[in-house]
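Novice: model the structure of this input:
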Amino acid sequence: MAEEFEGDLRDATFWGADLRDATFWGVDLRDATFRDVDLTGTVVNQALVVDVTDDALVERLVVNGVDVTEYVDAHDPWASLRRTGLATEPDELRGAWSSLLGAWDDLLVVVRQLPDEVTTARVEDQWSIAETVRHLVFVVDKWCLAPMLGQDYSSIGIPNSGSADVPWPGVDGSAMPDVHTVLSVWRARAALVSEVMAGLTNADLDRAVDVVENGPNPAGECLRGVLGELFWHLRYAHRDLDRLG
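Specialist: Reported below is the predicted structural model:
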């Protein structure tokens, strides 16, 4: 028998919860935030959808009986990069990594020319562009370089807020590197990931690697996680730099 939940859950956070096949009946979801969620196969009916923002990979979206997928893709400048997270084969992963790395390289060419007050500025208390790149250093260390190559963590990496209290080996939470150091470390890290991608085989993708905090994970899932982080933080970086003018 399915378990039922009633009452006031305002401001609740469901972190890593498995809600597959759940039913939301008469639920008030106004101003709710869904982040890093899998809504495959979700059905919404008898709903009031007003002023809703959906920033997602759209494979097939039917709204009021109308398939709007082609329209969304045609007007989404990020459509091709969104699909990098769907890569499953070695060649697909290599292509996805190359595309995302190229997009980041293009952005960082601009970042190198920006004054420090812009590269360290936060928008609505989100990470600055310098902090974002430091987080990407951490991401590739955690999900690729440490478990797959035995590489030490960079001291300048920034973990996500939910993992900040984990004793990450070698990470210095008090580090305050300048942006040129950050970009130099990122280039070196990215080059190592490129080497991993270059030698990737199908057998590698299924091999379980031990990830600090998350335990054993298939290498393929780890690499797709890296791709997802690169895509979304690229979006956030462009958004915030646009707001900073």
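
Novice: dihedrals phi and psi, residue 210?
Specialist: Taking degrees, to the nearest 10, you get phi -90, psi 120 for the backbone angles of residue 210.

Novice: show me what it bridges to in the sheet.
Specialist: residue 216 (DSSP bridges).

Novice: show the pLDDT at it.
Specialist: Among the per-residue scores, residue 210 shows a pLDDT of 97.

Novice: now swap in residue 222 and tell me
Specialist: So, for residue 222, pLDDT stands at 98.

Novice: pull out the buried positions in the strand or helix carrying it.
Specialist: Residue 222 belongs to helix 219-243 when elements are defined using DSSP states H and E. For helix 219-243, the neighbour count (16 or more other Cβ atoms under 10 Å) marks 219-220, 222-231, 233-234, 237, 240-241 as buried. Quick note: C-beta positions are derived from backbone N, CA and C, even for glycine.

Novice: now do the strands in the protein.
Specialist: 62-63, 66-67, 208-211, 215-218 (DSSP state E).

Novice: what comes up buried for the last one?
Specialist: Neighbour-count burial for strand 215-218 flags residue 217 (criterion: 16+ other Cβ under 10 Å).

Novice: for it, packing partners?
Specialist: strand 208-211 (3 or more Cβ pairs under 8 Å, 6 or more residues apart in numbering; DSSP states H and E).

Novice: look up the closest residue to residue 228, ignoring the ones flanking it.
Specialist: The shortest distance from residue 228 to any non-neighbouring residue, by Cβ to Cβ, 6 or more residues apart in numbering, is to residue 85 (4.8 Å).

Novice: pLDDT weak spots in this protein?
Specialist: 1-4 (pLDDT under 70).

Novice: now the helices for it?
Specialist: 69-75, 79-82, 90-111, 116-119, 129-140, 146-149, 179-198, 202-206, 219-243 (DSSP state H).

Novice: what's the neighbour count on residue 168?
Specialist: Other residues near residue 168 come to 21 when the count uses other Cβ atoms under 10 Å.

Novice: check residue 78 too.
Specialist: 14.

Novice: check residue 162 too.
Specialist: If we define neighbours as other Cβ under 10 Å, then residue 162 has 11 of them.

Novice: hang on, it packs against residue 15?
Specialist: Yes: Residue 162 lies in contact with residue 15 (Cβ atoms under 8 Å); the separation is 6.8 Å.

Novice: any idea which of the strands of the chain gets closest to residue 116?
Specialist: strand 208-211 (33.8 Å; Cβ to Cβ).

Novice: mind listing what's buried along the closest one?
Specialist: Those would be 209, 211, for strand 208-211 by 16+ other Cβ under 10 Å.

Novice: give me the helices and strands touching that strand, please.
Specialist: helix 146-149, strand 215-218, helix 219-243.

Novice: can you list contacts of stretch 204-224?
Specialist: Here stretch 204-224 makes contact (Cβ atoms under 8 Å, 6 or more residues apart in numbering) with 85, 87-88, 90, 93, 97, 142-144, 146-148, 163, 166, 168-169, 196-197, 200.

Novice: go again with 6 Å.
Specialist: 85, 93, 143, 147-148, 163, 166 (Cβ atoms under 6 Å, 6 or more residues apart in numbering).
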